[in-house]
Every structure is written in structure tokens, then in C-alpha cells.
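[1] Provided below are the primary sequence and the corresponding predicted coordinates.
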Amino acid sequence: MKHSLDHLPAAKQAEIHRIMLIIQDVVHPEMIILFGSYAKGKYVEHRYVSDGITYEYISDYDFLVVTKDNPEKAFDQESRIMDLTERINPPVNLEIHEIDYINKGLEWGEYFWIDIIKEGVLLYNKGSVKFSEPRELNPAEKKEKAQRYFNTWFPQAPAFLKGSNFHKNEGNLRIATFELHQATESLYYATLLVCTDYKPKTHNLWKLRRKAKPYSEELFHIFRAETDKQEKELFELLKQGYIDARYREDFTITEQELFILTERVSTMIPIVEKICSQRMIDFNR
């Protein structure tokens, strides 16, 4: 693990330090590790116009926050940190986990954690916990695991999409929206598990989209939620499919909105298949 941010511009270093102080104040963690594109020095900041459409693709700040005995729900801590860092751009992406959970992943050879330990930047260390020795999987084992994830999650997407179309044709737009959410969730899960050997415990499509962001700009731009208000509202409708479409009497969606969302999710399927196939090819290198 690295211990310096010297590979980053001074402004980025200052911003990361500011976020670190917020995390310390909210969580009181054992460790804080910067991982992902900023740790590797491979971050991207793209904003461009193509065919009159504005696109924005900016790498997130990724932090692993290690706790010992966390008395508070990580979800609540994450929400508070996100509120306090709302005005910071790039956005902040958090993983808050107890050391025992992380060590179990290392011992099982989960490459999400192993990559963080290898390539992350240790920003803060109380010195009270240690990481387990990771079990390194060979390329064949990684590929076998990734293929198993793909076989489990990817086929669910077209199946849920088929169900959504059936219920849409029957006039039940609420169930159709829920199944469209499930199709989208399955695609994000497949992407994350194949690419990282990890998926967060969430059904929130905003979070899943953000966590899948490093693995495909094309997938991220299926919804241009950062630069277009209508696109943002559309994706929010899709996100609401998990709870609101099933349980809230005031949830509404039009046939046109559902039609557009169905087209977008259908477009995601071959993109995710391509991402996963390429990742499994990479394991052979």
C-alpha cells in the first residue's frame, strides 16, 4: 500500500484531505484508504459535446473506511458524509466496513479487497487493526469465479425485461417498473461482481450506477443524469421502481416514460455482456 498523494495535483490533495477529516469526524474509523483511479493516478475528467448532447464523465473519489466495532449503521454514516460532501465535485464514493468483514474477503481471495490493499493510498491509520494475508487466486480461479457470477446475474436481466414488457402490455405499469428495476439491478450486479468480485448491499440504482462507473463510460452514459434534468428524472423513476412502485399509492409513471426506460435498459444488456466478456479475457493475460 502507498502512503503518499504526491502523484496528484495540490488542489486534489487538499480536497482529499478535507474529505478525510469529514470521514474521521463522522465515523471515527481505524483506517481510511483512498482507492480507485485517484490512488492509481489514472483519474478522468471529461466534459464534452457530441451531436449537440453534453456528456460528463468524472472519476469519483473512492474511500475505504475501516471500522472495528461499528455501533452505528454504515448506511447512516454514509448518508451523513454524503450530505457533508454534497458540494464537492468529483463525487465521493464510500465503502464503510468492519475489519473482520474485509479480512474474510482477503482470506477468500476476493480481488476487490486485494486490489485496494495493493494499490490504495493509506490516508489515516489508528494502528489498532491489521489486514489478513490475502489469498491470491490464479487467473483460472478468477475467471471461473467471474463466469459463475455472470451465469447467475446476467440472464436475470432479459428475463425481468420480458416480465416487464408483459405487465406493461397488461396495463400494470407499477409491476412493469419494478421488474425493469430488477433487470437494471441485475446488470449492475453482474458488472460489479465480474469486474471486482464484490457488490454492495444496496438496491439503490444511483449507488450501483456510480460504483459501476469506472468499468464503462458507455454504460454510465446510458443515462446522462449529470447534465440533463429530464434524464435525471427518468433514472430516478427507475430507481423508485424497487420500493415506490410497489408500496406507494402516489407513485405514477406514464407509458411513454416506461417505453423510454425499457429502451435504455435493453441497450444496457449488450454493453454489460461486452464488459464482462472482456474482463474474463483479461484474466487470461
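    Ah, there it is. Residues are numbered from 1 along each chain as shown.

[2] Pro90 versus Gln13, what's the distance?
    Applying Cβ to Cβ, to the nearest Å, the value for Gln13 to Pro90 is 14 Å. Where C-beta positions appear, they are placed from N, C-alpha and C, glycine not excepted.

[3] do the same with Asn125
    24 Å.

[4] same check, this time on Tyr149
    Distance from Tyr149 to Pro90, by Cβ to Cβ: 28 Å.

[5] Which one's more surrounded, those two?
    Tyr149 (20 against 17; other Cβ atoms under 10 Å).

[6] Can you tell me the SS state at the more buried one?
    Following DSSP: H, G, I helix; E, B strand; the rest coil, we place Tyr149 in the helix state.

[7] Any figure for the gap between Pro200 and Asn169?
    33 Å.

[8] Enumerate every residue touching Asp197.
    110-112, 142, 145-146, 149 (Cβ atoms under 8 Å, 6 or more residues apart in numbering).

[9] TSV for those residues, including distance to Ala245, pLDDT and secondary structure?
    Formatted as TSV, the contacts of Asp197 follow (distance: Cβ to Cβ, whole Å; pLDDT from 0 to 100; DSSP: H, G, I helix; E, B strand; the rest coil):
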residue	distance to Ala245	pLDDT	secondary structure
Glu110	33	94	coil
Tyr111	35	91	helix
Phe112	31	95	helix
Lys142	37	93	helix
Lys145	33	95	helix
Ala146	32	96	helix
Tyr149	27	97	helix
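
[10] Looking at those, which one is closest to Ala74?
    Using Cβ to Cβ, Phe112 is the member of the contacts of Asp197 that lies nearest Ala74, at 16.3 Å.

[11] can I assume Lys168 is in contact with Glu255?
    Yes: assessed by Cβ atoms under 8 Å, Lys168 is found in contact with Glu255 at 7.5 Å.

[12] same for the longest helix anywhere in the chain, what does it pack against?
    In the chain, assigned by DSSP state H, the helix with the most residues is helix 255-282. When contacts are defined as 3 or more Cβ pairs under 8 Å, 6 or more residues apart in numbering; DSSP states H and E, helix 255-282 packs onto helix 139-153, helix 156-169, helix 173-196, helix 217-220, helix 229-240.

[13] Export the shortest one to PDB, keeping only CA atoms.
    Taking Å, rounded to 0.1, in the frame of the first residue of the first chain, the C-alpha atoms of helix 217-220 are listed here in PDB:
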ATOM      1  CA  GLU A 217     -18.100   5.100 -19.700                       C
ATOM      2  CA  GLU A 218     -20.600   3.700 -22.300                       C
ATOM      3  CA  LEU A 219     -22.700   2.100 -19.600                       C
ATOM      4  CA  PHE A 220     -22.500   5.200 -17.400                       C
END
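
[14] which element is the most centrally placed residue in the chain on?
    The centroid of the chain falls nearest to Lys211 when counting by Cα atoms, centre = their mean (1.5 Å). When elements are assigned from DSSP states H and E, Lys211 belongs to helix 205-212.

[15] orientation of that helix relative to helix 229-240 in degrees?
    Between helix 205-212 and helix 229-240, the angle comes out at 100 degrees (axes from the mean of the first three to the mean of the last three Cα atoms, to 10 degrees).

[16] Now helix 205-212: buried residues?
    205, 207-212 (16 or more other Cβ atoms under 10 Å).

[17] What of stretch 42-60?
    The neighbour-count check on stretch 42-60 (16+ other Cβ under 10 Å) flags 43, 55-56, 58-60 as buried.
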